[in-house]
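Asks: next one to model:
(one chain, ligands or ions: 1)
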Amino acid sequence: MRKPLNKIYITQPFGVNYDIYKQFGLAGHNGIDYRTKYNPDGKMPVYAVMDGKVLEVKNQGNVGYGKYVRLQHSGNEETIYAHLDSFKVNSGQEVKEGDQLGITDNTGFSTAAHLHFGWRPENYNYNNGFKGYEDPEELFNKPNQNNMYDVKSVLKNEIEEITNKDYGKTFNEKEQEGAADDLKASRKECEFFENSFKDATIKLSAYQDELTKEHELLEVAKIKLDEETAKNKNLSATLSGYVTKVTELNKQIEIQKETIEDLEAVNNQVAKDTSILDALSFAIKAILNRK
Ligand SMILES: [Zn+2]
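Replies: Now for the predicted structure:
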């Protein structure tokens, strides 16, 4: 039995963070996450923890485990190694403890490079809330049943544990690195919201510009309307002036008509008087001729 990486630091233990994992129908984290970011790309060789057979080499894409390898060991025990970058084994292949399975990365449902390691014990219960997975710490802590009295193997494990211990960094330094990763993730989220806010602000100012233009057009239309209204008022005043004048002219025409009638009556009288005068003058002439 060995650990899946040459450096062991647990970033997320088994069973925690129900709020994150309930969306996958889990009672919590169904494995152990190990730190791999000892260099910026977080790429490390990952090893089979014990002898077995490759049950599955799969790429789930951007969801779930991403690229992962699942091994079957004696008694239907299983181990899984997830969020890998690439594979070093093929499905169906026999592997020995310590054989390299692939390279770690950040594929699938993962916010930063790490190794997700899961363990299903012999005769596991798929409905245990963790899809049959149990705390791998139990696997690493239990005595190797095949070699329970193999002192050499126990010593080998202890030497390996000591070799794998990261003495270069204090616990606080590791905590700080973890916090820095968290901060990076928060910053990314912040950036996303900031960008959304920027987009919204740009849209808003575009709307405001449009609104200002509409207002300006409205102002121009109001001024034109006022002008037209004023013109209409002037025209009505002029028109009512004309109406008054026409009425006056009509009155004058009536008066003149009456004058013409009077003149015609005078004319008639003159014509009558003239014919009387003609008759008298004719009579006078006749009298004179008789003499
Ligand atoms: Zn995990």
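
Asks: in this structure, what residue spans correspond to strands?
Replies: 10-12, 32-35, 45-47, 52-59, 67-72, 78-87, 94-95, 100-104, 114-120 (DSSP state E).

Asks: so which of the ones you listed is nearest residue 266?
Replies: In terms of Cβ to Cβ, the element of the strands of the chain nearest to residue 266 is strand 52-59, at 128.0 Å. Quick note: C-beta positions are derived from backbone N, CA and C, even for glycine.

Asks: now do that closest one: everything it contacts.
Replies: Identification of contacts with strand 52-59 by Cβ atoms under 8 Å, 6 or more residues apart in numbering yields 65-74, 77-79, 87, 89-95, 101, 107.

Asks: how about a cut-off of 6 Å?
Replies: Strand 52-59 is contacted by residues 67-73, 87, 89, 91, 93-95 when judged by Cβ atoms under 6 Å, 6 or more residues apart in numbering.

Asks: most neighbours among those residues, which one is it?
Replies: residue 69 (25 neighbours; other Cβ atoms under 10 Å).

Asks: identify the bridge partners of that one.
Replies: Applying DSSP bridges to residue 69 gives these bridge partners: residue 57, residue 81.

Asks: contacting residues around it?
Replies: Residue 69 is in contact with 57, 81, 101-102, counting by Cβ under 6 Å, 6+ apart.

Asks: as TSV, those residues with distance to the ion and pLDDT would be great.
Replies: Below are those laid out as TSV (distance: Cβ to the ion, whole Å; pLDDT from 0 to 100):
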residue	distance to the ion	pLDDT
57	19	98
81	11	98
101	16	98
102	16	98
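
Asks: could those residues go into a markdown table alongside neighbour count?
Replies: A markdown table is the format used below for those (neighbours: other Cβ atoms under 10 Å):
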| residue | neighbour count |
| --- | --- |
| 57 | 19 |
| 81 | 26 |
| 101 | 25 |
| 102 | 21 |
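
Asks: now for those: which two are most distant?
Replies: Largest pairwise distance in the contacts of residue 69, by Cβ to Cβ, is 10.3 Å, between 57 and 81.

Asks: ok, back up a step: nearest to the ion, of the contacts of strand 52-59?
Replies: residue 68 (10.8 Å; Cβ to the ion).

Asks: any idea how far residue 114 is from that closest one?
Replies: Per Cβ to Cβ, to the nearest Å, residue 68 is found 13 Å from residue 114.

Asks: get me the contact residues on this protein for the ion.
Replies: By Cβ under 5 Å from the ion, the residues of the chain that approach the ion are 31, 33, 116.

Asks: for those, which one is nearest residue 142?
Replies: Nearest to residue 142 among the residues of the chain next to the ion: residue 31, at 16.9 Å, using Cβ to Cβ.

Asks: residues contacting the closest one?
Replies: With Cβ under 6 Å, 6+ apart, residue 31 has these contacts: 116-118, 133.

Asks: what of residue 95?
Replies: By Cβ under 6 Å, 6+ apart, the contact list for residue 95 reads 48, 52.

Asks: just to revisit the earlier point, of the residues of the chain next to the ion, closest to residue 176?
Replies: Among those, residue 33 lies closest to residue 176 (Cβ to Cβ), at 17.8 Å.

Asks: buried ones among the contacts of residue 31?
Replies: Buried subset of the contacts of residue 31 (neighbour count, 16 or more other Cβ atoms under 10 Å): 116-118, 133.

Asks: would CSV of those with distance to residue 176 and pLDDT be doable?
Replies: Shown next, in CSV, are these (distance: Cβ to Cβ, whole Å; pLDDT from 0 to 100):
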residue, distance to residue 176, pLDDT
116, 23, 97
117, 24, 98
118, 28, 98
133, 30, 97
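
Asks: quickly name whichever of those is closest to the ion.
Replies: Closest to the ion, out of all of those and judged by Cβ to the ion, is residue 116, at 3.3 Å.

Asks: OK, contacts around the closest one?
Replies: Taking Cβ under 6 Å, 6+ apart as the criterion, residue 116 is in contact with 31, 33, 82-83.

Asks: low-confidence ranges, the stretch 101-250 of the chain, go.
Replies: Residue ranges of the stretch 101-250 of the chain with pLDDT under 70: 143-159, 161-172, 174, 186, 190.

Asks: show the end-to-end separation of stretch 8-15, please.
Replies: 19 Å (Cα to Cα, to the nearest Å).

Asks: what does it contact?
Replies: Contacts to stretch 8-15, defined as Cβ under 6 Å, 6+ apart, come from residues 28-29, 32-33, 35, 114, 135, 164.

Asks: any chance of JSON lines for the contacts of residue 116, columns distance to residue 202 and pLDDT?
Replies: Below are the contacts of residue 116 laid out as JSON lines (distance: Cβ to Cβ, whole Å; pLDDT from 0 to 100):
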{"residue": "31", "distance to residue 202": "44", "pLDDT": "97"}
{"residue": "33", "distance to residue 202": "39", "pLDDT": "96"}
{"residue": "82", "distance to residue 202": "40", "pLDDT": "97"}
{"residue": "83", "distance to residue 202": "37", "pLDDT": "96"}
